[in-house]
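# model this:
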Amino acid sequence: MKQNLYILICIVLILLAGCSEDMQHTNPYDPETTMATFLEQGFSVLEVDNTLKAADSPYFIDKNLTVRAQLTIEPGVILQFSPGIGMTIDGSSASAALIAVGTEDAPIVFTSAGTQDWAGVSFNHLQTTSSILKYCRFEYASRDLNAYAITTADDSLTIENCEFYGANIMIDGFGEAIARPVIKHCNFGGSYIEIWNGAKPRILYNHFIGMYPIRGRNGAAPEIGYNIFGPNESSYETGGCSFLNSTAHIYRNSFMNIGENAVRFRGGCNGIIEYNDFSGGTNGIHFRTTNDPGINTTPENNKISIRNNNFSGYTDYHVSLYIIGGTGEATQTGDIDAVGNYWGTTDSTAIENALYDRVDDGELGKVIFSPYLNTPVLDAGAGW
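Numbers count the residues shown, from 1 in each chain. Have a look, this model is predicted:
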């Protein structure tokens with residue numbers, strides 16, 4: 001009997017210890033608990049609204065932080081995450097939101113506390129609330145391949161006047177076309193936006209420097225307008241936008257000295273390219289197809305309309321349809337509609353020489369460029 005009682009007491013003590021362990025990671029329901037105390041005491045699940053105050057900055061975060069309420073961050077706050085540690089805005093709660101609004105003089109900084117990447121901020125299917133990131137700086141979250149400073153699948157996120165250095169963004173629609181965040185007035189230095197599976201972000205008035213800073217795959221459908229791409233300063237920083245089996249509306253952007261390709265389409269892309277200014281670099285717009293079994297089982301031509309753009313200064317071609325011999329690649333055999341553009345000259349022979357198509361190789365499609373414009377499109381380009 002005594003032995004059974006001893007066993008029962010041990011079981012109770014173990015259960016209480018487990019509860020204590022759980023409690024230390026869950027926010028106490030006390031509105032007076034500051035975020036500084038919350039983090040110092042080892043809590044990691046925020047269940048009630050709270051604020052990261054500038055007076056307590058910097059904050060060192062060494063446990064993955066789950067936010068199920070509204071977390072507000074004051075201007076000037078610095079968040080330093082341990083390597084591999086990040087933050088999740090958990091949409092299982094209807095009130096979950098991140099309101100991080102800095103100022104031009106006092107930005108909010110998300111960074112790593114060590115020499116390795118932190119794990120970024122994930123916005124997980126927000127329901128009714130809107131999250132805002134404004135005048136924030138994200139850095140050192142994407143030095144490893146396929147790592148992201150921000151991951152989102154939602155249409156309630158606005159990113160404005162932010163800076164990204166070694167900090168990529170992933171937008172994934174999961175095939176439901178619900179991911180429609182707005183990214184505007186931001187600077188990207190060596191960082192990119194990756195768009196997947198039906199996501200439809202609006203990417204407006206940003207400045208990009210780096211290797212293919214906008215990348216769309218598998219049904220991505222971004223709106224890309226009024227951005228400046230380049231000028232890129234090294235051979236590594238090459239390429240503007242790259243799309244695979246996607247749809248894109250690309251308008252009123254300035255592509256300046258991009259390098260390899262200002263815009264690249266592969267594998268059955270659709271869309272419109274209009275009122276852009278393409279100047280300098282190796283190639284303007286490049287087309288190829290793909291027969292990668294993971295994407296489409298047979299080669300599918302790209303169907304893009306190119307109108308009212310200015311082209312000048314490319315060392316190879318303004319528009320190129322290449323024969324590709326690599327694994328999973330195939331030739332663009334379909335024609336490309338490119339009438340109504342200004343090609344930097346009124347000489348039709350010179351224009352033809354600036355295109356690589358069926359005239360150069362009979363297996364390729366034709367870039368249909370005539371009728372063409374005799375003067376530049378005045379309102380083409382970003383305009384800022």
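
# so which strand or helix has residue 382?
Using DSSP states H and E, residue 382 sits within no helix or strand.

# let me know whether it touches residue 224 as I believe.
No. Contact criterion C-beta atoms under 8 Å: residue 382 and residue 224 do not qualify, at 10.9 Å. (C-beta placed from N, C-alpha, C; glycine too.)

# joint contacts of these two?
residue 253 (C-beta atoms under 8 Å, 6 or more residues apart in numbering).

# which one of the two has more residues nearby?
residue 224 (28 against 21; other C-beta atoms under 10 Å).

# okay, and for the chain, where does confidence drop off?
By pLDDT under 70, the weakly predicted segments of the chain are 1-32, 125-128, 143-146, 175-178, 233-238, 290-300, 323-330.

# ok, which stretches of it are helices?
2-23, 35-40, 348-353 (DSSP state H).

# give me the residues contacting the second one.
Pointing back at helix 35-40 there. By C-beta under 8 Å, 6+ apart, the list of residues contacting helix 35-40 reads 27, 46, 50, 51, 52, 53, 56, 59, 60, 61, 71.

# how does it look with 10 Å?
27-28, 30, 34, 43-46, 48, 50-53, 55-57, 59-63, 65, 71-73, 77, 79 (C-beta atoms under 10 Å, 6 or more residues apart in numbering).

# just the buried residues of these.
27, 43-46, 50, 52-53, 56-57, 59, 61, 65, 71-73, 77, 79 (16 or more other C-beta atoms under 10 Å).

# filter these down to just the ones in strands.
45, 46, 50, 52, 59, 61, 65, 71, 72, 73, 79 (DSSP state E).

# for the fifth one, what are its contacts?
When contacts are counted by C-beta under 10 Å, 6+ apart, residue 59 is found next to 35-36, 38-40, 52-53, 65, 73, 77-81, 113.

# from these, pick the one nearest residue 315.
Among the contacts of residue 59, residue 81 lies closest to residue 315 (C-beta to C-beta), at 43.0 Å.

# quick one: the spatially closest residue to the closest one that is not a sequence neighbour from residue 78, how far?
Counting by C-beta to C-beta, 6 or more residues apart in numbering, residue 118 is the residue found nearest to residue 81 once chain neighbours are left out, at 3.5 Å. Applying C-beta to C-beta, to the nearest Å, the value for residue 118 to residue 78 is 13 Å.

# these two: who's more crowded?
residue 118 (28 against 16).

# and residue 345, how many neighbours?
Count around residue 345 with other C-beta under 10 Å applied: 15.

# next, give phi and psi for it.
phi -160, psi 160 (degrees, to the nearest 10).

# who's in contact with the residue lying closest to it once chain neighbours are set aside?
Leaving aside its chain neighbours, residue 345 sits nearest to residue 351 (6.3 Å; criterion: C-beta to C-beta, 6+ apart). By C-beta under 10 Å, 6+ apart, the contact list for residue 351 reads 311, 318-319, 338, 341-345, 367, 369-370, 372.

# kindly report the same for residue 338.
Per C-beta under 10 Å, 6+ apart, neighbours of residue 338: 273, 285, 304-307, 309, 311, 318-319, 351, 355, 357, 366-370, 372.

# from those residues, list the buried ones, please.
Looks like the contacts of residue 338 have 273, 285, 304, 306, 309, 311, 318-319, 351, 355, 357, 367, 369 buried, using 16+ other C-beta under 10 Å.

# thinking again about what came up before, max pairwise distance over the contacts of residue 59: which two?
53 and 113 (19.2 Å).

# follow-up on the earlier one: quick check, nearest of the contacts of residue 59 to residue 174?
The closest of those, once distances to residue 174 are taken by C-beta to C-beta, is residue 65, at 23.4 Å.

# residues near the nearest residue to that closest one once chain neighbours are set aside, how many?
Distance criterion C-beta to C-beta, 6+ apart; nearest residue to residue 65, sequence neighbours excluded, is residue 87 at 4.5 Å. Applying other C-beta under 10 Å, we find 23 other residues in the vicinity of residue 87.

# wouldn't residue 87 be in contact with residue 121 here?
Yes. Using C-beta atoms under 10 Å, residue 87 is in contact with residue 121, at 4.8 Å.

# what's the overlap in contacts for these two?
65, 67, 79, 81, 98, 110.

# what's the burial count for the fifth one?
Burial measure for residue 98: 21 neighbouring residues, criterion other C-beta under 10 Å.

# and what of the last one?
Applying the criterion other C-beta under 10 Å, we find 30 residues in the vicinity of residue 110.

# distance of it from residue 98?
From residue 110 to residue 98 the distance is 11 Å (C-beta to C-beta).

# likewise for the third one?
Going from residue 79 to residue 98 by C-beta to C-beta gives 11 Å.

# residue 169 pairs with what?
The bridge-partner assignment for residue 169, based on DSSP bridges, gives residue 150, residue 193.

# thought it was touching residue 147?
No. Assessed by C-beta under 10 Å, residue 169 is found out of contact with residue 147, at 11.2 Å.

# give me the common contacts of the two.
Between them, residue 169 and residue 147 share the contacting residues 120, 141, judged by C-beta under 10 Å, 6+ apart.

# dump the residue contacts of residue 380.
251-254, 274-278, 308-311, 341-342 are the contacts of residue 380 under C-beta under 10 Å, 6+ apart.

# rerun at 8 Å
With C-beta under 8 Å, 6+ apart, residue 380 has these contacts: 252, 275, 276, 277, 308, 309, 310.

# for residue 76, which non-adjacent residue is spatially closest?
residue 106 (3.8 Å).

# tell me how the protein divides into domains.
26-154, 205-384 (automatic domain parsing).

# now render these as TSV, adding distance to residue 182.
Output for the domains of the chain, formatted as TSV (distance: least, C-beta to C-beta, whole Å):
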stretch	distance to residue 182
domain 26-154	10
domain 205-384	10
